[in-house]
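**Q** Need the 3D shape of this:
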Amino acid sequence: MRFIIFTILMVLCQNLFSQKPPANCNTVMPETKTSKTTRNVLGTPLQSCCLAPTTGYYRDGFCHTGPDDQGVHIVCAKMTEEFLEYTKAQGNDLSSPTPWFPGLKPGDKWCLCVSRWKDAVFAGYGPPIYLEATHEAATRYVSMKLLREYAVEE
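**A** The predicted model follows:
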């Protein structure tokens, strides 16, 4: 019985990890560019952050959150070398690839934990963010003024 369960899990994992993502964030499928129900910090529909690499706590390309997202991954940020080095020094290595994670490089977009982004800002390493793809809940943790200071356009 264990062998059967193990085999099923292996097949499911192979199918999951063998899917090729789009070439870059600009090739997101049109029907997945906005969320129908979730809002961003601007009060408009939440935009997709990135599908290559696929980001978001739920790996759906959006900075959605929910009760099981203890890190609150709601800030869509553009990775910089300085931020990647900073977060690695803090014990959260986002730049090294693993079997289940491609590793990030400068220029990639990623849904960050709001507390990690805020810590990086105050340490002088805050990466730029995309307000259209940052979840409205971010304003519970940081001011809109601070979010706007780090905002960049597509």
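**Q** Quickly list what the residue nearest the centre of the chain is bridged to.
**A** Against the mean C-alpha coordinate of the chain, by C-alpha atoms, centre = their mean, the closest residue is residue 111 at 2.0 Å. For residue 111, the beta-bridge assignment (DSSP bridges) gives partners residue 76.
**Q** Assess the claim that it and residue 63 are in contact.
**A** Yes. With contact defined as C-beta atoms under 8 Å, residue 111 reaches residue 63; the gap is 4.0 Å. Every residue, glycine included, has its C-beta placed from N, CA and C.
**Q** hey, what's in contact with both of those two?
**A** By the contact definition C-beta atoms under 8 Å, 6 or more residues apart in numbering, residue 111 and residue 63 are jointly contacted by 49, 55, 56, 57, 73, 74, 75, 76.
**Q** And the nearest residue to residue 40 once chain neighbours are set aside, its phi and psi?
**A** Once flanking residues are discounted, residue 40 sits nearest to residue 46: 4.7 Å by C-beta to C-beta, 6 or more residues apart in numbering. Main-chain torsions, residue 46, degrees, to the nearest 10: phi -60, psi 130.
**Q** Distance check, residue 46 against residue 73.
**A** 13 Å (C-beta to C-beta, to the nearest Å).
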